[in-house]
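>>> can you look at this prediction? I've put the sequence above it.
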Amino acid sequence: MANLKNPAVDRLVASTWGRIQQTPAEKQALIATLEKTFDDAPLWAYDGNAGREHFKKICASCHVLGQDGVRVGPELSGSGKNGIRYYLENVLDPNAVIGTDFQATIVETKSGDTVSGLIVQETTSAVTLRTTTEPRVIAKSDIVDRTTSQLSLMPEGLLESLPPREQIELLKYLTSH
């Protein structure tokens with residue numbers, strides 16, 4: 001539907017499913033390269049337990065997989081069935097597809113605080129945001145400005161922060177669950 005390049009359709013898609021944009025060519029090339037590296041790697045030579053430790057180090061502050069993690073972003077348990085490309089696309093270009101449930105809201109309050117998180121509840125008097133540390137309830141009367149971020153809460157470059165062997169171990173762990 002995005003290929004129709006119709007502003008009305010684009011608004012409807014964004015309000016229903018979230019933000020969707022095309023992954024840049026250089027990231028598409030990186031995804032293809034890492035997918036080939038993963039597919040060609042002798043996975044028996046990589047330690048899945050080490051992959052779990054990598055997950056706990058860089059992913060578990062926002063994602064749950066099995067018994068590990070905190071749910072800010074999507075639950076990853078069972079996502080391994082989606083395959084390696086699913087993880088590579090979402091990790092290497094976290095801003096390409098952001099579902100409506102995971103579009104960050106940025107709230108500025110009268111006291112000068114800025115709170116960024118995911119809306120988990122909204123009433124006529126307050127907004128509850130799930131942040132990376134704790135849920136925050138903010139009275140609507142205290143809100144000066146409220147915007148929806150065009151960026152994912154997940155930062156770019158997480159996978160690149162690991163050496164190649166650890167990348168494979170993490171990806172092996174993720175795709176096996």
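Noted; the coordinates are in hand.
>>> please make it C-alpha for all contacts and neighbour counts, starting now.
Noted.
>>> where's the residue nearest the centre of the chain relative to L129, distance?
What sits nearest the mean C-alpha location of the chain, by CA atoms, centre = their mean, is M154, with 4.6 Å. Applying CA to CA, to the nearest Å, the value for M154 to L129 is 16 Å.
>>> same question, A8
Taking CA to CA, one finds A8 at 29 Å from L129.
>>> out of these two, which sits in the more crowded spot?
Neighbour comparison, A8 and L129: the larger count goes to L129, with 24 against 9 (by other CA atoms under 10 Å).
>>> let's verify that one: helix, strand, or coil?
Secondary structure, DSSP: H, G, I helix; E, B strand; the rest coil: L129 is strand.
>>> max-length helix in this structure?
For the chain, the longest helix by residue count, based on DSSP state H, is helix 25-40.
>>> which parts of it are buried?
By neighbour count on 16 or more other CA atoms under 10 Å, the buried set for helix 25-40 is 31, 34-35, 38.
>>> closest to A104 among those?
Checking those against A104 with CA to CA, the nearest one is I31 at 24.9 Å.
>>> quick one, what contacts that closest one?
For I31, the contact set (CA atoms under 8 Å, 6 or more residues apart in numbering) comprises 85, 88-89, 92.
>>> one step back: for the residue nearest to the centre of the chain, grab phi and psi.
phi -80, psi 120 (degrees, to the nearest 10).
>>> right, I'll leave it there.
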